[in-house]
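Q: coords please:
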Amino acid sequence: MRPVRFVALGDSLTEGVGDRVGDRWRGWAELLAPGLAQADAPVSFTNLAVSGAQTWDVLERQTPAALALEPDIVSVVIGVNDTLRYTFDIRSVAERLDTVYSAFRARGTTVLTACLPDPGSMLGLPAALARPLARRQHAVNAVVHALSERHGAMHLHAAEEEWLEDRSVWSSDRLHPGELGHRQLALRFHALLAREGLAGGATPSAEAEFPAPTRAASLLWLATAGTGWVARRCTDLLPQLLTLAASEVRHRARGTSARLDLSASHAVASALAALSVAERPDVA
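A: Coordinates of the predicted model:
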């Protein structure tokens, strides 16, 4: 029989950062792949995810490559890097994701999506800095959830689950899952697919195969590669983030923080409404 073709799109999370095997990253998608086998049909797995990717990378680069592979199942887990850029615009994010989901669903491909925790809280940033990032990630999650429902994607709620509170599932950088975290994602996606009869292979193991990084290794990473990661993000985001933080402090002092939440909710609603109108060009 023809292999079950599984293609993974996204950023460093799907690339596997945090789950190192030898000299490469493995990650949740590779851990999930064997479980997608069906009867006598093996699995063909391709990972197109790239660290640092944004929604426009998925739309313009990864999606055409994935469509050429004619996948049966495709995962599209993306959006965190968009929130870390000064160019963040929820309407553009919604338009890109809508186009990507549509392209695969038009071919009958099963689409996997997920909402994710915000990076500010995971990194333990001060509240004035964390809240603007949280608001952005919540907006992305709301869009992903709505579009997943619209396009019939299989959506994993991975933003506020209890296992995320366990620091042992996270890697040294405090932003990407470690091996245990990637295994949890693989397990949860497998459960979604199994309920629909799309995962006939073995359930991914929840047990770690390799020892967790030592505290010394974690500190070394934060002092070397971690510092570089923060510096690259700060060059792009920090000036705007400081402006957002100042606004956060002002609104909090005035007791008007709810206005910021309301504005973010309105932006999400407007982005989704614009897509609905675009689908019905006859509407005046």
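
Q: what ranges do the strands span in the stretch 151-284 of the chain?
A: 154-157 (DSSP state E, counting those that start in this stretch).

Q: residue ranges in it under the pLDDT threshold?
A: 213-215, 217-219, 221-240, 277-284 (pLDDT under 70).

Q: did I read that right, residue 46 in a strand?
A: Yes - under DSSP: H, G, I helix; E, B strand; the rest coil, residue 46 sits within a strand.

Q: can you get me a residue count around it?
A: 16 (other CB atoms under 10 Å). From N, CA and C alone the C-beta is placed, and that goes for glycine too.

Q: who's in contact with residue 106?
A: Taking CB atoms under 8 Å, 6 or more residues apart in numbering, we find residue 106 in contact with no residue.

Q: distance of it from residue 92?
A: 21 Å (CB to CB, to the nearest Å).

Q: with residue 34 instead?
A: On the measure of CB to CB, residue 34 and residue 92 end up 36 Å apart.

Q: likewise residue 150?
A: 18 Å.

Q: same check on residue 193?
A: Residue 193 is 30 Å from residue 92, by CB to CB.

Q: who has more neighbours, the two?
A: Remark: of residue 193 and residue 92, residue 193 carries more neighbours, 21 against 16, as counted by other CB under 10 Å.

Q: pLDDT of stretch 65-82, averaged?
A: Averaged over stretch 65-82, pLDDT sits at 96.

Q: and if you look at stretch 17-34?
A: 94.

Q: need the CA coordinates for stretch 31-48. CSV is fine.
A: Extracted C-alpha coordinates of stretch 31-48, given in CSV (Å, rounded to 0.1, in the frame of the first residue of the first chain):
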residue,chain,number,x,y,z
LEU,A,31,7.9,11.1,17.7
LEU,A,32,4.3,11.1,16.4
ALA,A,33,5.0,9.9,12.9
PRO,A,34,5.3,6.1,13.5
GLY,A,35,1.9,6.1,15.3
LEU,A,36,0.2,7.3,12.0
ALA,A,37,0.7,3.9,10.3
GLN,A,38,-2.4,2.2,9.0
ALA,A,39,-2.7,-1.6,8.7
ASP,A,40,0.0,-2.5,6.1
ALA,A,41,0.7,1.1,5.2
PRO,A,42,4.0,2.5,6.6
VAL,A,43,4.5,6.2,7.2
SER,A,44,6.5,8.6,5.1
PHE,A,45,7.6,11.6,7.3
THR,A,46,9.0,14.9,6.1
ASN,A,47,9.8,17.8,8.4
LEU,A,48,9.9,21.2,6.7
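
Q: what residues of it count as buried?
A: 31-38, 41, 43-48 (16 or more other CB atoms under 10 Å).

Q: tell me where the chain has helices.
A: 12-15, 28-32, 55-57, 63-68, 80-83, 90-105, 119-123, 127-151, 179-195, 215-223, 225-254, 257-279 (DSSP state H).

Q: same for the second one, what does it pack against?
A: Helices and strands touching helix 28-32, as assessed by 3 or more CB pairs under 8 Å, 6 or more residues apart in numbering; DSSP states H and E, comprise strand 4-10, helix 12-15, strand 43-47, helix 179-195.

Q: repeat that for 10 Å
A: Judged by 3 or more CB pairs under 10 Å, 6 or more residues apart in numbering; DSSP states H and E, helix 28-32 is in contact with strand 4-10, helix 12-15, strand 43-47, strand 73-77, strand 110-115, helix 179-195.

Q: what would those look like in a markdown table with distance to residue 267?
A: Putting the helices and strands packed on helix 28-32 into a markdown table (distance: least, CB to CB, whole Å) gives the following:
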| stretch | distance to residue 267 |
| --- | --- |
| strand 4-10 | 23 |
| helix 12-15 | 24 |
| strand 43-47 | 32 |
| strand 73-77 | 22 |
| strand 110-115 | 17 |
| helix 179-195 | 28 |
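
Q: deepest of those, which one?
A: Burial of the helices and strands packed on helix 28-32 is given as mean neighbour count (mean count of other CB atoms under 10 Å); strand 73-77 ranks first at a mean of 27.

Q: partner strands of that strand and their direction?
A: strand 4-10 (parallel), strand 110-115 (parallel) (DSSP bridges).

Q: figure out which of the ones you listed is closest to residue 101.
A: strand 110-115 (5.7 Å; CB to CB).

Q: the closest one: how far from the chain's middle?
A: 9 Å (CA atoms, centre = their mean, to the nearest Å).

Q: stretch 111-122 too?
A: 5 Å.
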